[in-house]
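S.K.: below are the sequence and a predicted model; questions follow.
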Amino acid sequence: MQTNFSKEFLADRQGQRVNEILRKCVHCGFCNATCPTHQVTGDELDGPRGRIYLLKQMFEENEVSRTTLHHLDGCLGCLNCETTCPSGVEFGELAEAGKHALDDKGLRSWHSRIKRWGIRQIFPYPRRFAPLYRLGKWLNLTPEQNTLAVKRPGNAAVNSNGESVLLLHGCVQSVTSPHINQGLAQLLDTLGYETHADDRVKCCGAIHHHNGAPEHALKIIKQNIDAWWPAVERGCSAIVMTASGCGSMVKDYQRILGDDPEYADKARRVSKLTEDASEFLAARSFKKNTSDIETVAFHPPCTLQHDQQITGVVEGILRNSGYRVVDFKEKHLCCGSAGTYSLLQPQMAASLRKNKLAAIEQQQPDIIATANIGCLLHLQQGSTTPVRHWLELISNSP
Ligand code: SF4
Ligand code: SF4
């Protein structure tokens, strides 16, 4: 794609990246075939190629309208388009730059701004979110989840080989489903590890980063790196994630802080140490025999399969643990959860969930498993089949 940017625009690193990415696009439209929102509406502007044109127009001519806002806000950020692009267009990075630029244009309606502000003020902070979640449960507004008494993680994190492991318990998950983290802690116990989760680390920063407050996200990211750094310097061998959304974000710290003179090296080290729980356990040949053979459909979140490019690993662990894992149609498509997308774009999110559950239910599984708390809660709201984190199926959580 030809671009025509001013010298000023190309003077900074972000402008150069936008230019590089746009120039890779050859307009072929292969990406549209795998875009979930394009499949639902059939509108060119609801697909990646159309969004790329809108982004180009916005960056090149500073031309932006409510139409641009509508179609870019409609993007799930699922990165499915990147998997089918023959030119290696980094759509996610381009769309992120576009969304941050859009946030500065003041085009959003007041209720959209308030909604985003509310999301930023509540979800990343477990102490604020917990009472609201309990109230929602009492009013029957939130999906039922297992709850277990959670053993507070200790500070020691050394196994018999002297390796240490850090955990991130996550903001939403630590409130709605603390037993998932507990399940991982138990599994790590069986491998000889104790777990260490720094209480200062609440949220990975994704909620602020994707909802109009990238500067605040930077603050959170730096605080997290500072909190983890002593353990990293002591030689911790991994930072293990139970939520694939958090894992994607922490693995992205190295890009986000790539030009930061103080934090770039630290961010690179933290990102390289970060592993999804499935990577961590698979690398240690984990398996566990379950007594009942149940049929499981595993829905891989976009953050796991497209962003982190981890495919088939969870399914392998579940099979090795005695489950019958069934495949289903269009496994690559987003379920509509997409971080806070289901709160901001409820109609599209519900439509994608309906399609996803219809494909899964054809296989009549006993359980639907997934790897991210957002997908879990979103799918459970539309399904009578129990939806679980896959770690719950191989740990001793009921
Ligand atoms: S990120 Fe997902 S929703 Fe957005 S354009 Fe790409 S495939 Fe479509
Ligand atoms: S597949 Fe890649 S090169 Fe083709 S239109 Fe989409 S982003 Fe551009």
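M.R.: Thanks, I have the structure now. Ligands and ions are numbered 1, 2, ... in the order given.

S.K.: can you name the residue of the stretch 101-250 of the chain nearest to ligand 1?
M.R.: For the stretch 101-250 of the chain, the residue positioned closest to ligand 1 under CB to the nearest ligand atom is His210, at a distance of 12.0 Å. Glycine gets a C-beta too; all of them are placed from N, C-alpha and C.

S.K.: so what's the residue count around the residue lying closest to that residue once chain neighbours are set aside?
M.R.: With CB to CB, 6 or more residues apart in numbering as the measure, Gly339 is the residue that lies nearest to His210, at 5.5 Å, once sequence neighbours are left out. Summarising burial for Gly339: neighbours were counted as other CB atoms under 10 Å, giving 24.

S.K.: repeat that for Asp327.
M.R.: A count of neighbours around Asp327, defined by other CB under 10 Å, yields 10.

S.K.: host element of the residue most central in space within the chain?
M.R.: Computing the C-alpha centroid of the chain and ranking residues by CA atoms, centre = their mean puts Gly245 first, at 2.0 Å. With elements taken from DSSP states H and E, the one containing Gly245 is helix 244-251.

S.K.: which secondary structure elements does that helix contact?
M.R.: helix 206-210, strand 238-241, helix 264-273, strand 274-276 (3 or more CB pairs under 8 Å, 6 or more residues apart in numbering; DSSP states H and E).

S.K.: between the ones you listed, which one is closest to ligand 2.
M.R.: Per CB to the nearest ligand atom, nearest to ligand 2 of the helices and strands packed on helix 244-251: helix 206-210, 20.6 Å.

S.K.: could you check the angle the helix or strand following that closest one makes with helix 264-273?
M.R.: Once helix 206-210 ends, the next helix or strand along the chain (criterion: DSSP H and E) is helix 214-233. Here the directions of helix 214-233 and helix 264-273 differ by 70 degrees (axes from the mean of the first three to the mean of the last three CA atoms, to 10 degrees).

S.K.: on that earlier part again, pLDDT at the residue nearest to His210, what is it?
M.R.: Model confidence at Gly339, given as pLDDT, is 94.

S.K.: please apply the same query to Arg108.
M.R.: Among the per-residue scores, Arg108 shows a pLDDT of 88.

S.K.: which stretch of helix or strand covers the nearest residue to Cys31 once chain neighbours are set aside?
M.R.: By the measure of CB to CB, 6+ apart, the closest residue to Cys31 outside its immediate chain neighbours is Cys81, 3.8 Å from it. Assigning secondary structure by DSSP H and E places Cys81 in helix 80-84.

S.K.: any idea how far the following helix or strand past that helix is from the chain center?
M.R.: Moving toward the C-terminus from helix 80-84, the next helix or strand (DSSP H and E) is helix 91-103. Its chain's C-alpha centre and that of helix 91-103 lie 16 Å apart, by CA atoms, centre = their mean, to the nearest Å.

S.K.: contacts for the helix or strand just after helix 91-103?
M.R.: Moving toward the C-terminus from helix 91-103, the next helix or strand (DSSP H and E) is helix 110-122. The contact list for helix 110-122 (CB atoms under 8 Å, 6 or more residues apart in numbering) reads 108, 128-129, 132, 207-208, 211-213, 216, 340, 343-344.

S.K.: got the angle between the helix or strand that helix 110-122 is followed by and helix 110-122?
M.R.: Taking DSSP H and E as the definition, the helix or strand that follows helix 110-122 towards the C-terminus is helix 126-138. Going by the same axes, to 10 degrees, helix 126-138 is angled at 110 degrees with respect to helix 110-122.

S.K.: OK, contacts around Leu135?
M.R.: Leu135 sits next to no residue when contact means CB under 8 Å, 6+ apart.

S.K.: need the helices and strands packed on helix 244-251 in a markdown table (columns: mean neighbour count).
M.R.: Shown next, in a markdown table, are the helices and strands packed on helix 244-251 (neighbours: other CB atoms under 10 Å):
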| stretch | mean neighbour count |
| --- | --- |
| helix 206-210 | 25 |
| strand 238-241 | 26 |
| helix 264-273 | 18 |
| strand 274-276 | 25 |
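
S.K.: turn those into TSV, including mean pLDDT.
M.R.: Conversion of those to TSV gives the following (pLDDT from 0 to 100):
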stretch	mean pLDDT
helix 206-210	95
strand 238-241	95
helix 264-273	98
strand 274-276	97
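
S.K.: same list, the ones you listed, but as CSV with distance to ligand 2 please.
M.R.: Conversion of those to CSV gives the following (distance: least, CB to the nearest ligand atom, whole Å):
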stretch, distance to ligand 2
helix 206-210, 21
strand 238-241, 28
helix 264-273, 25
strand 274-276, 26
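
S.K.: would JSON lines of those with distance to Arg51 be doable?
M.R.: Supplementary listing: these in JSON lines, determined by distance: least, CB to CB, whole Å:
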{"stretch": "helix 206-210", "distance to Arg51": "16"}
{"stretch": "strand 238-241", "distance to Arg51": "29"}
{"stretch": "helix 264-273", "distance to Arg51": "27"}
{"stretch": "strand 274-276", "distance to Arg51": "28"}
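
S.K.: among those, which comes closest to Gly374?
M.R.: Comparing the helices and strands packed on helix 244-251 by their distance to Gly374 (CB to CB), the top pick is helix 206-210, with 9.9 Å.

S.K.: packing partners of the closest one?
M.R.: Using 3+ CB pairs under 8 Å, 6+ apart, helix 206-210 is in contact with helix 110-122, helix 214-233, helix 244-251.

S.K.: give me the helix or strand of this protein that scores worst on average pLDDT.
M.R.: In the chain, the helix or strand scored least confidently by mean pLDDT, DSSP states H and E is strand 195-196, which has a mean of 79.
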